[in-house]
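A.B. asks: sequence below, structure please.
(chains A and B)
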Amino acid sequence: MPILKEGELDIISHSAEQTQRLGQRLGRLLRAGDLVCMTGDMGAGKTVFASGIGQGFGSTTPVTSPTFNLAHQHSRPQDKLLLYHLDCYRLRDAADAISVGLDDILDGTHVAVLEWAERIRAALPPERLWIQFRVREEMRRNLILEASGERHRQLLELFRESAFGF
Amino acid sequence: MRILGIESSCDETAAAVVVDGQHIASNVIASQIHIHAEHGGVFPELASRAHVEAIDHVVQEALRQAQVEVEALDAIAVTRGPGLIGSLMVGLNYAKGLALMTGKPLIGVNHLEGHVYSLWLVQPFRPVTFPIVVLIVSGGHTELLLMREHGQYERLGGTLDDAAGEAFDKVGRLLELPFPGGPHIEQAAQLGNPRAFAFPRAKRDDGFDFSFSGIKTAVMRQVSVSPSAAARLARDNQQPAKLRSDVSVRDVAASFQAAVVDTLVEKTVRAAKQFQATEIAVVGGVSANQLLRQRLRAESELPVRYPPLNLCTDNAAMIAAAAYQRFRAGQRDSLALEALAQWPLA
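C.D. replies: Purely as a prediction, here's the structure:
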């Protein structure tokens, strides 16, 4: 787990199950206003990680692929916090993103998890947790997490402690 | 009783007039496939715009073909969800306008229930004895339901990640086949060997949930250029091909299709047995797949029901057919009805 620099974390996951468990750890830490942006090829583990986030968050509904409907909304019993899960693959630019209600989703009162976030980079606020998924050989995946802004750096620190104990 | 149905939840703008929930007087579909095929998928903003351009003409054409004036309708039915919110709103707003103008009752229909009622449009119609097990398989949905009565569903399982049709689309993309993936994979598979690759199947001891993400990733591992080889190619400024040149697209398509169909068939047949269903029904875009139909018939002793090919994919006749049962049960919706992007049947 090399620490590249402050606000960055580089992880190797050896299986889909491990990727999901990492997602669970992040999901437990999420608060209103948090934005998790995922990028990486098909099959790199984005939806698996998001499904873990949903479990950690405590979603009452399973987090499945949002590819068809573009945006899924999930809730949990303990509070009114909503988790939005978007697939941006079919959004061509920032204008498309606004047409699916991105402004409302990112108004600071919800949690947002985005797949193919690079497609709408221009529409995203600068403060976020950016996770790049890379396919290594066979089952292995490389996750590079990069936080920007005070809250998301804190989130990444908490995630590091939760996943690695230091 | 004549009901006008309007459907615009995804990439088809459709309108239909159905008599007594069973007889299609007209069924008009303005397909957007040619628009979206260029982009390899349905793009929401393009879809909404295409719906806006098509809807008035499509509805008028449905009324004209059915030779019915809007005043002679008994109700106006429209897909309320689930689907793309911008697309849904085009049909819903149009339907509200018609309802306001004519004073006819408005009935909001669940798109998934619409697929179920595509079965009631089969001619000649064999009466249904409940309960039946219904498999809804499409680009956006994979749901296994026990239908106990009209409008009464119990959810037995569904996909935990990708929908079955979505897996077809994504594997189609990996194999560099045109959009939509389903029919193109089915076509390529006809000449392929379904045993060439052993893609993962669901385990027998699983419940009734599905997972297709693993199959997709297994296909990717078989057919894609390895990351290191891709990097080498890029360094040498060579064609950044993603598909390995020594892979038989036909064999991969056939093996992938066999794995998906095996999983769908095993769970559906087992559910029908466990819940003592009288019949098995399969609906939605993927229900057009011939291998799925053959295997369901072969693996189950129960009758297997599916819609005609033109009613497997999205259409408005099924929306009108579902609305007929809802109308009889007393449903009337207000003009304040809102579209729902997510709307589970059970």
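A.B. asks: and the helices in chain A, which stretches?
C.D. replies: Using DSSP state H, the helices found in chain A span residues A:16-29, A:46-57, A:94-99, A:102-105, A:150-164.
A.B. asks: can those go into TSV with extra columns for distance to chain B and mean neighbour count?
C.D. replies: In this view, the C-beta of every residue, glycine as well, is placed from N, C-alpha and C. Compiled in TSV, the helices of chain A are given as follows (distance: least, C-beta to the nearest C-beta, whole Å; neighbours: other C-beta atoms under 10 Å in any protein chain shown):
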stretch	distance to chain B	mean neighbour count
helix A:16-29	7	20
helix A:46-57	6	25
helix A:94-99	5	18
helix A:102-105	11	16
helix A:150-164	23	16
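A.B. asks: low-confidence ranges, the chain, go.
C.D. replies: All of this refers to chain A. Counting by pLDDT under 70, chain A shows low-confidence ranges at A:1-5, A:166.
A.B. asks: oops, wrong one, chain B.
C.D. replies: Within chain B, the stretches falling below the threshold (pLDDT under 70) are B:38-41, B:203-205, B:226-241.
A.B. asks: for B:Glu176, what are phi and psi?
C.D. replies: Dihedral pair for B:Glu176: phi 60, psi 40, per degrees, to the nearest 10.
A.B. asks: and the residue in the stretch 1-150 of chain B that chain A sits nearest to, how many neighbours?
C.D. replies: When distances are taken as C-beta to the nearest C-beta, the stretch 1-150 of chain B reaches nearest to chain A at B:Gly140, 3.2 Å away. One way to gauge burial is a neighbour count; for B:Gly140, by other C-beta atoms under 10 Å in any protein chain shown, it gives 24.
A.B. asks: mind listing what it touches?
C.D. replies: A:Phe68, A:Asn69, B:Cys10, B:Pro82, B:Gly83, B:Ala163, B:Gly165, B:Glu166 (C-beta atoms under 8 Å, 6 or more residues apart in numbering or on different chains).
A.B. asks: okay, and it sits in which element?
C.D. replies: Using DSSP states H and E, no element contains B:Gly140; it sits outside every helix and strand.
A.B. asks: the helices of chain A into JSON lines, with extra columns for distance to B:His34?
C.D. replies: Compiled in JSON lines, these are given as follows (distance: least, C-beta to C-beta, whole Å):
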{"stretch": "helix A:16-29", "distance to B:His34": "37"}
{"stretch": "helix A:46-57", "distance to B:His34": "29"}
{"stretch": "helix A:94-99", "distance to B:His34": "20"}
{"stretch": "helix A:102-105", "distance to B:His34": "28"}
{"stretch": "helix A:150-164", "distance to B:His34": "42"}
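A.B. asks: any idea which of the contacts of B:Gly140 is closest to B:Leu92?
C.D. replies: Of all these, B:Leu92 sits closest to B:Gly83, with 10.3 Å by C-beta to C-beta.
A.B. asks: assign the closest one to helix, strand or coil.
C.D. replies: Assigned with DSSP: H, G, I helix; E, B strand; the rest coil, B:Gly83 falls in the coil class.
A.B. asks: surely it is in contact with B:Glu12?
C.D. replies: No: in this structure B:Gly83 lies outside contact range of B:Glu12 using C-beta atoms under 8 Å: 10.7 Å.
A.B. asks: on that earlier part again, list just the one of the helices of chain A that sits closest to B:Phe212.
C.D. replies: Between B:Phe212 and those, the shortest separation by C-beta to C-beta is 10.8 Å, and it involves helix A:46-57.
A.B. asks: of the contacts of B:Gly140, closest to B:Ile215?
C.D. replies: Here the nearest of the contacts of B:Gly140 to B:Ile215, counting by C-beta to C-beta, is B:Glu166; it sits at 11.4 Å.
A.B. asks: output the contacting helices and strands for the host helix or strand of the closest one.
C.D. replies: Taking DSSP H and E as the definition, B:Glu166 sits inside helix B:164-174. Secondary structure elements in contact with helix B:164-174, counted by 3 or more C-beta pairs under 8 Å, 6 or more residues apart in numbering or on different chains; DSSP states H and E, are helix B:181-189, helix B:213-223, helix B:249-274.
A.B. asks: format the ones you listed as CSV; extra columns: distance to chain A and mean neighbour count.
C.D. replies: Shown next, in CSV, are the helices and strands packed on helix B:164-174 (distance: least, C-beta to the nearest C-beta, whole Å; neighbours: other C-beta under 10 Å):
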stretch, distance to chain A, mean neighbour count
helix B:181-189, 12, 21
helix B:213-223, 4, 20
helix B:249-274, 13, 22
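A.B. asks: let's have those helices in a markdown table, adding distance to B:Val78.
C.D. replies: Below are the helices and strands packed on helix B:164-174 laid out as a markdown table (distance: least, C-beta to C-beta, whole Å):
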| stretch | distance to B:Val78 |
| --- | --- |
| helix B:181-189 | 26 |
| helix B:213-223 | 33 |
| helix B:249-274 | 30 |
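A.B. asks: for A:Thr47, which of the ones you listed is the nearest?
C.D. replies: Taking C-beta to C-beta, helix B:213-223 is the member of the helices and strands packed on helix B:164-174 nearest to A:Thr47, at 6.3 Å.
A.B. asks: and that closest one with helix A:46-57, angle?
C.D. replies: Here helix B:213-223 points in a direction 150 degrees away from that of helix A:46-57 (axes from the mean of the first three to the mean of the last three C-alpha atoms, to 10 degrees).
A.B. asks: so how far is helix B:213-223 off the chain centroid?
C.D. replies: In this view, helix B:213-223 has its centroid 23 Å away from the chain centroid, taken as C-alpha atoms, centre = their mean, to the nearest Å.
A.B. asks: picking up where we left off before, what's the angle from the helix holding B:Glu166 to helix B:213-223?
C.D. replies: 10 degrees.
A.B. asks: how far does helix B:164-174 sit from the chain's center?
C.D. replies: Using C-alpha atoms, centre = their mean, the mean C-alpha position of helix B:164-174 is found 14 Å from that of the whole chain.
A.B. asks: just the angle for it relative to helix B:181-189, thanks.
C.D. replies: Orientation of helix B:164-174 against helix B:181-189 (the same axes, to 10 degrees) gives an angle of 60 degrees.
A.B. asks: tilt between helix B:164-174 and helix B:249-274?
C.D. replies: For helix B:164-174 and helix B:249-274, the angle between their directions (the same axes, to 10 degrees) works out to 170 degrees.
A.B. asks: check what contacts helix B:164-174 and list those residues.
C.D. replies: With C-beta under 8 Å, 6+ apart as the test, helix B:164-174 has contacts from A:42, A:65, A:67-68, B:40-41, B:137-142, B:162, B:178-182, B:184-185, B:210, B:212-213, B:215-216, B:219-220, B:223-224, B:242-243, B:252-253, B:256, B:260, B:264, B:284-286.
A.B. asks: so which of the contacts of B:Gly140 is the closest to B:Arg270?
C.D. replies: Sorting the contacts of B:Gly140 by distance to B:Arg270 puts B:Ala163 at the head of the list, at 20.1 Å, by C-beta to C-beta.
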